[in-house]
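Novice: I need the structure of the sequence given here:
(2 chains)
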Number of protein chains: 2
Amino acid sequence: MTQKINLSEKLKKIENYWDPRIVGQLNGQHVKLARFKGTFDWHKHDQEDEMFLVLEGSFKLELQEKSLHLEAGEMVIVPRGAFHRPRAEQEACVLLFEPVSTRNTGDMRNERTIDNPEDI
Amino acid sequence: MTQKINLSEKLKKIENYWDPRIVGQLNGQHVKLARFKGTFDWHKHDQEDEMFLVLEGSFKLELQEKSLHLEAGEMVIVPRGAFHRPRAEQEACVLLFEPVSTRNTGDMRNERTIDNPEDI
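Specialist: Okay, here's the model as predicted:
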């Protein structure tokens, strides 16, 4: 059923950092929400471009060649194959748009890997 | 080159209503921005699901079975094949995610049809 999704309300239900949750699916892509705080792991996605849109707060996206500081209302598209690492000194709330096949830690597998993110 | 995109700055460059502009592309999908005001035309997209995320203002999305009032921070995914019509009493700024093949007026063709939306 077609229904509206309030992103702030969804974010309140996410308890943990680096725990992306699915809020929508279309055309083989997932729309996810995640709360970032701290430093994630360097990784890349060989088959998937990944979009980050900051909803609240800010974070730094480290790339191999530079680092981008992203604030609320700003987005970036990381092309497939590009190593990246998100870092957030304070909490950031982020919307992600990426293929349903995308694993949060990309080519890495560690204790933060979530193979089947849950809906929220 | 991977660069950040400030959505407010991009929106300022859009002069006309119902004139979606491309701000990014990933995985065969476009990220577009548009300013809505007034009443658009009823249409559907036979092959494309379409996502609307309100950035500023609010608008009403009319569907065949109901009408959704969407405010800033709210989104909806219209499944392929579903007739819909956006209406905005006041201006609304909206982010769209949809396949690159998506035509703004869907199965309709009229003076509002934009076959090749421009980057901004």
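Novice: okay, the most centrally placed residue in chain A and chain B: tell me how far apart.
Specialist: Nearest to the geometric centre of chain A sits residue A:96, at 4.4 Å (Cα atoms, centre = their mean). To chain B, residue A:96 is 11 Å away according to Cβ to the nearest Cβ, to the nearest Å. C-beta coordinates here come from the backbone N, C-alpha and C atoms, glycine included.
Novice: run through the bridge partners of that residue.
Specialist: Beta-bridge pairing of residue A:96 under DSSP bridges involves residue A:32, residue A:52.
Novice: same thing with residue A:119?
Specialist: residue A:22.
Novice: one step back: do I have it right that the residue nearest to the centre of chain A meets residue A:34?
Specialist: Yes - shown here, residue A:96 and residue A:34 form a contact pair, counting by Cβ atoms under 8 Å, at 6.3 Å.
Novice: if I look at those two, which residues touch both of them?
Specialist: Taking Cβ atoms under 8 Å, 6 or more residues apart in numbering or on different chains as the contact rule, residue A:96 and residue A:34 both touch residue A:20.
Novice: could you check the pLDDT of residue A:1?
Specialist: Looking at residue A:1, its pLDDT is 78.
Novice: then the one 5 residues further on?
Specialist: At residue A:6, the model reports a pLDDT of 98.
Novice: any idea how many residues pack against it?
Specialist: By the other Cβ atoms under 10 Å in any protein chain shown criterion, the neighbourhood of residue A:6 contains 14 residues.
Novice: next: residue A:82.
Specialist: Other residues lying near residue A:82 total 15 when counted by other Cβ under 10 Å.
Novice: and it, how far from chain B?
Specialist: 7 Å.
Novice: wait, what's in contact with that residue?
Specialist: A:44, A:63, A:64, B:2 are the contacts of residue A:82 under Cβ under 8 Å, 6+ apart.
Novice: does the first one touch residue A:84 like I think?
Specialist: Yes - counting by Cβ under 8 Å, residue A:44 sits close enough to residue A:84 to count as a contact (6.9 Å).
Novice: between the two, tell me which one has more neighbours.
Specialist: Taking other Cβ under 10 Å, residue A:44 and residue A:84 do not tie; residue A:84 has more neighbours (22 against 18).
Novice: okay, and the beta partners of the more buried one?
Specialist: residue A:43, residue A:63.
Novice: nearest residue to residue A:75 other than its sequence neighbours?
Specialist: With Cβ to Cβ, 6 or more residues apart in numbering or on different chains as the criterion, residue A:75 has its nearest non-adjacent residue at 4.1 Å, and that residue is residue A:53.
Novice: equivalent analysis for residue A:118, please.
Specialist: With Cβ to Cβ, 6+ apart, the residue lying closest to residue A:118 is residue A:21, at 5.9 Å.
Novice: likewise residue A:108?
Specialist: Nearest residue to residue A:108, sequence neighbours excluded (Cβ to Cβ, 6+ apart): residue A:43, at 4.4 Å.
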